[in-house]
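> Task: produce atomic coordinates for the following.
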Amino acid sequence: MHTLWVIIGGLAVALIGLAVETLLLRRMRRRLPIRILVIGTRGKSSVTRLVHARLRDAGCRVLGKTTGSRPRILLPDGEETPITRRGAASILEQKRVLRRAVETLCDVLVIEGMAISPENAQAESLRIIQPTHILLTNARVDHVELAGSTERQVARSLTWAIPHGVPVYIPQSELGNGGVRDVLQSSGGHIIAVPDDGGARRNDAARGSDAASRNANPQAEFVADTGARQFVSNLKLAEACCRDLGIRLLSPCEPRSGLPADFHADPGELHVLIDPENDVVIANAFSANEPLSTELAVSAIYAEHPELVHRPMIGVFNVRHDRGDRTHLWLSALRRNMLPFAGMVLVGDRAHGHAAVRMIRQFTDIPAITLRERGAEQLAVRLGRMYRQRLLLCFGNFAGIGQELTDVWQRTCDEYGR
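Purely as a prediction, here's the structure:
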C-alpha cells in the first residue's frame, strides 16, 4: 500500500510540474508574436541566418538559433554566441532559447528545428515552439533509421512538426516530387510554393560535363558572397517569408549577391578554397551530408567555375562510427556512379573507413584509400602534396576531422576565384 501511495504521489508531482511548464511556455509564446521554425534535411542553418539578417535589417528585434555545424545563438545586435552542451543535443534546449528571446525583449524568434524522429518533431514544434510560420527547406533522405528511406517517408516525418493552418513555405522544386507534394498537402498546413528557379542561370562551358548537366535542378544554383556560397532556393525561401510579414530592408543588399550587407554565413557553409602552394582546389562540402545535396553542390560549383570540370575530382569522405546509415547511403550512390570521382580518401573513424574502402573497391572502379595521419594539420599537408592540381570534394560529415580540416584550410588557404 505504501508503494502505491508513493507512485500516486510521484504521478501527482509530475502532472503538476507538467501543468506549470505548460503555463510558462504559453506565457513566453504570448510575448513572442512571431515564431518562425525552420525544418528540413539540408540548408536549415543558412535559411535561419538569412531570415535573422533580413529581419534585423528591417528594424525587428529578433533572436535566432542554429543547430547545424556549430550551434549558435544569433543575438538581436548581430553578434552570436556558441551553444555549449554538457551532453547530447536535446530538443529541451529549445525551451531555453524561447526564454532567452523573451528576456532580451525580442518580438521575433527564428529557430532551426533539432528533431529528427517524428515524435520529437511533434513535441518540439507543437508543444514547445508552436510556430506561427514554418520554412521547409527540402525533404532529402538522411537519418534513415529515424526519418525513413525515401523522400516521401522523410516528408511524412516532417509533417509531424506542422501545426494545422500554419503557413509552410517550401521551394517549388521540392513539390515536383509527387509523393512529397501529396504528403505535405495533406499535412493540414497552408503550403506556399516559393519559385526557386532564380532565372536558371547556367554556364554554357559547364554544360559539357555529366555532373554539371545535373544543374537542371534549380536548387543547384547559388549566389556567391565573400567567403561562402548561398543557394538561391534558400535565399528565395527567406525572402518570401519576410515579404509576407511585411518586412522591407532598410539598407540595400550586397549588390553582387543580393544578401543583407551584414549577413554572416554558417561556419559549415559551402566554401571553395585553393591551396596556392600545391594548386589544389578544395570544395568544402562536409556539411552536405547526403548524396543529393553533395551532387547539387558540385553542379553549382561547376556552373560558377567551369574550368574546374577539367580537374580530376578526389572525394574526401569523413566517416563516423555512429552514422553507419549515412555511409551506406553513400556507398549506394557510389555504386551508381553518382559523381565522377577519380579517387577517394576516407578520413575520420579508421575502422569504418577501412571497411568502406573494401566496399568501394569491391563494387566500383574508384581507387580508394585511408591515410595514417590523424591530426588535421598533418592530414591537410598530406592531401595537398598527394593531389596537386586536383579538385578535392570534401563531404560526408562535418563533425570531428571535418571541422578540424575546415579550420586548417580556412586559416591556410585562399578563396578560389577571388
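
> Buried residues, stretch 168-183. List them.
168-175, 177, 180-181, 183 (16 or more other C-beta atoms under 10 Å). Where you see a C-beta, it was placed from the backbone N, CA and C, and this is true even at glycine.

> One more: stretch 314-334?
Buried, per 16+ other C-beta under 10 Å, within stretch 314-334: 314-320, 323-327, 329-331, 333-334.

> how's this protein carved up into domains?
For the chain, the structural domains run 26-244, 271-415, going by automatic domain parsing.

> ranges for the helices of the protein?
Secondary structure of the chain (DSSP state H): helices at 2-30, 44-57, 93-103, 118-122, 144-147, 151-159, 178-185, 210-213, 232-244, 291-304, 324-335, 350-363, 376-386, 401-412.

> can you put those in TSV and add distance to residue 274 and mean pLDDT?
Listed next are those as TSV, based on distance: least, C-beta to C-beta, whole Å; pLDDT from 0 to 100:
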stretch	distance to residue 274	mean pLDDT
helix 2-30	47	70
helix 44-57	23	91
helix 93-103	38	93
helix 118-122	40	92
helix 144-147	35	73
helix 151-159	35	91
helix 178-185	37	89
helix 210-213	20	44
helix 232-244	24	89
helix 291-304	13	87
helix 324-335	26	85
helix 350-363	26	88
helix 376-386	10	93
helix 401-412	10	92
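
> what's the most buried one of the ones you listed?
helix 44-57 (a mean of 27; mean count of other C-beta atoms under 10 Å).

> Give me the packing partners of it, helices and strands only.
When contacts are defined as 3 or more C-beta pairs under 8 Å, 6 or more residues apart in numbering; DSSP states H and E, helix 44-57 sits against strand 34-39, strand 62-66, strand 72-74, strand 108-112, strand 228-231, helix 232-244.

> Now find how far off-centre it is within its chain.
In terms of C-alpha atoms, centre = their mean, to the nearest Å, the centre of helix 44-57 is found 13 Å from the chain centre.

> can you tell me which residues contact the residue lying closest to residue 292 once chain neighbours are set aside?
Spatially, and ignoring its direct neighbours in sequence, residue 292 is nearest to residue 140 (5.1 Å; C-beta to C-beta, 6 or more residues apart in numbering). Neighbouring residues of residue 140 by C-beta atoms under 8 Å, 6 or more residues apart in numbering: 41-42, 151, 154, 290, 292-293.

> What backbone torsions are found at residue 140?
phi -110, psi 150 (degrees, to the nearest 10).

> now it: how far from residue 88?
23 Å (C-beta to C-beta, to the nearest Å).

> do the same with residue 319
In terms of C-beta to C-beta, residue 319 sits 20 Å off from residue 88.

> For stretch 58-76, give the mean pLDDT please.
Mean per-residue pLDDT for stretch 58-76: 90.

> what's around residue 63, how many residues?
Look at residue 63: counted by other C-beta atoms under 10 Å, it has 25 neighbours.

> I figured it was touching residue 77, is that so?
No: with contact defined as C-beta atoms under 8 Å, residue 63 does not count as touching residue 77 (10.5 Å).

> Name all residues that make contact with the residue nearest to residue 180 when sequence neighbours are not counted.
What sits nearest to residue 180 in space, not counting adjacent residues and going by C-beta to C-beta, 6+ apart, is residue 155, at 4.4 Å. Residue 155 makes contact with 139, 179-180, 183-184, according to C-beta under 8 Å, 6+ apart.

> I'm done for today, thanks for sticking with me.
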